[in-house]
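>>> From the sequence below, what's the structure:
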Amino acid sequence: MQQNITLASIIIILILTACLPTIFIGGPPTQTPRVITATTQPSQPTPSPTPQPTATPTLAPTATVAAGLSQVNIYLILVGDNGASGKKIGCDDSLVPVSVVIPPTLGVIRASLLELLKLKGQRLYGQTGLYNALYLSDLSLESVNLVNGKATIKLTGNLVTGGVCDIPRIEAQLKESALQFSTVNDVSILINNIPLEEVLSLQG
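Numbers count the residues shown, from 1 in each chain. This next block holds a predicted model:
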């Protein structure tokens, strides 16, 4: 009888054991902690600023006469222009002023005459078409004197004209070189100590 009770007890224990939830010794299994690594974005290199084009300095317009220089006029002839481009002279021509640059000087009359006489041998002035009635002459400037508004100009050398119409042209070119200045009211020109008018009359 006791044996039967023991067998029945074992059966009951087995049944109960099957029905009971599984008991974990030491507690529930430890979960492997999930380590979340913060992904660090690779630092982006700071972009270098795009180089801006260097502004080209704007240069001020170049003056007609550079610093430290002056200018005077020389006078040439526009043949047959009948006074349209300048003072009317001679054979219906025009006396035309042309600016030339010179070093600073108080002797502006002398400077103007020297620039004009430099054109010896040049019939036409560059590409302008202006005529130089003095191109056949070989003249040098001896002196310039200005007294009470009157300029006395002494030249030496040979004066040669290319015809009757060159007579008023030469006179205008030489005299206007001095008359362009406000300090001059009258001009007397001598060539080899002979008045210009007499020399020109011999050329006619």
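>>> Flag every buried residue along stretch 134-153.
134-137, 139, 141, 144, 146, 151, 153 (16 or more other CB atoms under 10 Å). From N, CA and C alone the C-beta is placed, and that goes for glycine too.
>>> Poorly predicted segments of the protein, please.
1-68, 204 (pLDDT under 70).
>>> got the residue ranges for the strands in it?
Using DSSP state E, the strands assigned to the chain run over residues 70-78, 87-89, 93-102, 124-125, 130-131, 138-147, 150-158, 186-191, 194-195.
>>> Could you tell me how many residues sit around residue 191?
Residues near residue 191, counting by other CB atoms under 10 Å, number 21.
>>> now residue 198
Residue 198 - counted by other CB under 10 Å - has 10 other residues nearby.
>>> could you measure it against residue 83, distance?
27 Å (CB to CB, to the nearest Å).
>>> Tabulate the strands of the chain (a markdown table), appending distance to residue 175.
Shown next, in a markdown table, are these (distance: least, CB to CB, whole Å):
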| stretch | distance to residue 175 |
| --- | --- |
| strand 70-78 | 9 |
| strand 87-89 | 10 |
| strand 93-102 | 10 |
| strand 124-125 | 18 |
| strand 130-131 | 17 |
| strand 138-147 | 13 |
| strand 150-158 | 9 |
| strand 186-191 | 5 |
| strand 194-195 | 12 |
